[in-house]
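J.: okay, predicted coordinates and the sequence, questions at the end:
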Amino acid sequence: QVHMEESGGGLVQVGDSLRISCVASGGDISDYKLGWFRQAPGKEREYVGSIMWTKAGTPYPSYASSVKGRFTISGEKAKKTSYLQMNNLQPDDTGVYYCALSLSYVSTDPGTYYHWGQGTQVTVSS
């Protein structure tokens, strides 16, 4: 059973940067796409971006339009680790950030993801 764990959240100011991490354990994630999501209070879980790797380990990230240009997803398949680098953070970026896995390489629907972590809180204060 794969277990996902996020870390690195915190309280930051508008315009600050923050990097959060996701580590998978307990199984092979080679065939999966790793997705990043966030959920603000009272709102639905929102797709932030994702990363998948070729067999050789070359990463291919993709992003939601709301974060493109500010957020960068990286990671190493062999280490079963992904990072979400967030720059120029805004109050709308506040929420609990999650990582999860999907067998669909195209889906951004959280319903097609599983092995969700507990999440890490990111709060952007103005």
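T.: Everything's here; your move. Numbering: from 1, shown residues only.
J.: Ala24 and Gly57: what is the separation?
T.: Per CB to CB, to the nearest Å, Ala24 is found 15 Å from Gly57. Bear in mind the C-beta positions are built from the backbone N, C-alpha and C, glycine included.
J.: more neighbours, these two?
T.: Ala24 (24 against 12; other CB atoms under 10 Å).
J.: I'd say Asp93 and Thr123 touch.
T.: No. Counting by CB atoms under 8 Å, Asp93 stays clear of Thr123, with 9.2 Å between them.
J.: and the two? Which one has more around it.
T.: Using other CB under 10 Å, the more surrounded residue of Asp93 and Thr123 is Asp93, with 22 against 15.
J.: list the contacts of that one.
T.: The neighbours of Asp93, taking CB atoms under 8 Å, 6 or more residues apart in numbering as the test, are Arg38, Val67, Met86, Val122, Val124.
J.: list the buried residues in the helix or strand encompassing Tyr97.
T.: Tyr97 belongs to strand 95-102 when assigned by DSSP states H and E. Buried residues in strand 95-102, counted by 16 or more other CB atoms under 10 Å: Gly95, Val96, Tyr97, Tyr98, Cys99, Ala100, Leu101, Ser102.
J.: state the distance from the nearest residue to Val122 once chain neighbours are set aside to Gln118.
T.: Nearest non-adjacent residue to Val122, counting by CB to CB, 6 or more residues apart in numbering: Gly9, 4.7 Å away. Distance from Gly9 to Gln118, counting by CB to CB: 11 Å.
J.: and if you look at Gln39?
T.: 12 Å.
J.: the two: who's more crowded?
T.: When Gln39 and Gln118 are compared for neighbours, Gln39 comes out ahead with 15 against 11, by other CB under 10 Å.
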